[in-house]
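**Q** Show me the folded form of this:
(chains A, B, C and D)
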Number of protein chains: 2
Amino acid sequence: MSKVDSTLHALADPTRRGVVDLLRHGPRPAGELASELGASPPAMSRHLRILRREGLVDEQRADDDGRVRLYRLEPDRLAELARWLDEIESFWNDQLESFSAHVAHKPSGGAVQ
Amino acid sequence: MSKVDSTLHALADPTRRGVVDLLRHGPRPAGELASELGASPPAMSRHLRILRREGLVDEQRADDDGRVRLYRLEPDRLAELARWLDEIESFWNDQLESFSAHVAHKPSGGAVQ
DNA sequence: TTAACTATTAACGATATCGAGAACTAAATT
DNA sequence: AATTTAGTTCTCGATATCGTTAATAGTTAA
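**A** You can find the predicted model right below:
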C-alpha cells in the first residue's frame, strides 16, 4: 500500500543496504560499488536498478568519462521511512506516558524512564 | 552484519509491517491480527514467529484466558533502525551544507533549501 | 576504424519465501 | 471426560529472488 513497503523491500537486501551506506559519503561509479561490496557487475547492476526503481538512488553519467555511471543517494524515500518510524515511536511514547500516568497519578510530564 | 539487516528483512513483508502498524496502538491477540490483515492463522503464526525472532514483538498469554496470546511491540529494534536512518540523514545534511558553503562561501547556517 | 572499457540486459539454475491444508498442543467450557 | 477454542508446527507446491555466464550497447583510446 504505502510507499514505505517497497522502500523496505529495497533495503532488505544486504548488498543494497551496503550501497546506501557507501553512497552516504558521496556519489560513486557502479563499478566501485560492485568491487567494494564483492558483487559482480551484473549483480550490482540489478541491485542498482531496483534502488533506482524505488527512488532511493539516482544515476548520472560522469562529466569526464561518459562510460562511467555515477550513482548518488536520493534521500526522500529514506526520509519517508524515518517519518514512519517516528510515527510509531510517538505512539509508543504516548502509551508509556499514559501508563506512567496511570501508575503515578500525574497525567503529564512524568519521567518515563 | 548489523542487526539492522535482519530488522529490515523482517519488515520487508507487507503483512508483517501491517502487524507492526496495528501493534502501535496496543497489544493484540494473534487471531485478531490474522483476521484484520486477511491472513490465515498458520500464516500469521509464521510471520509472528519471524517478528519474535528478530525481537520486534513480544508474546505473552492473556491473564484472563490462557489460550489467547497477546503480542506487543518491542520498539528497541525500530529505534536502531531509526538511528541508522538518522546517521544517513546527518551525513546527507553535511553534504548539502558543504555544497551550499561551496556556492555561498558561508560555511555554516546557510539556508539550504 | 578497431580495440578496450564500463555498464546493462538476457537466459538459466539454485535457493529462499510464502500460503494453504492437515495434524498437533494446550487451555477453557460443558 | 469430551468438546470446543486459540494458536502453533509440519508438509508441500507455487512463486519470487539472487547470482552467474553470455551477449549487447555506448563511450573512450589506439
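
**Q** lowest average confidence, helix or strand, in chain A?
**A** Lowest on mean pLDDT, DSSP states H and E among the helices and strands of chain A sits helix A:76-104, with a mean of 77.

**Q** Please name the nearest non-neighbouring residue to residue A:70.
**A** residue A:27 (4.5 Å; C-beta to C-beta, 6 or more residues apart in numbering or on different chains). Where you see a C-beta, it was placed from the backbone N, CA and C, and this is true even at glycine.

**Q** what's the pLDDT at that neighbour?
**A** Predicted confidence (pLDDT) for residue A:27: 97.

**Q** In contact with it, which residues?
**A** A:60, A:70-72 (C-beta atoms under 8 Å, 6 or more residues apart in numbering or on different chains).

**Q** make it 7 Å
**A** Going by C-beta atoms under 7 Å, 6 or more residues apart in numbering or on different chains, residue A:27 touches A:70-72.

**Q** One more: residue A:36?
**A** residue A:22.

**Q** Quick check: of the contacts of residue A:27, which lies closest to chain B?
**A** Nearest to chain B, judged by C-beta to the nearest C-beta, of the contacts of residue A:27 is residue A:72 at 9.5 Å.

**Q** Hmm, residue A:23 and the closest one touching each other?
**A** Yes: counting by C-beta atoms under 7 Å, residue A:72 touches residue A:23, with 6.2 Å between them.

**Q** and the two? which has more neighbours close in?
**A** Per other C-beta atoms under 10 Å in any protein chain shown, whichever of residue A:72 and residue A:23 has more neighbours is residue A:23, with 24 against 14.

**Q** and chain A, which residues reach chain B?
**A** Within chain A, the positions near chain B by C-beta under 7 Å from any C-beta of the partner chain are A:5, A:8-9, A:11-12, A:14, A:17, A:20, A:24-26, A:73, A:75, A:78, A:81-82, A:85, A:88-89, A:91-92, A:95.

**Q** mind running it again at 6 Å?
**A** Residues of chain A found near chain B, taking C-beta under 6 Å from any C-beta of the partner chain as the criterion, are A:5, A:8-9, A:11-12, A:14, A:24, A:75, A:78, A:82, A:85, A:88, A:91-92.
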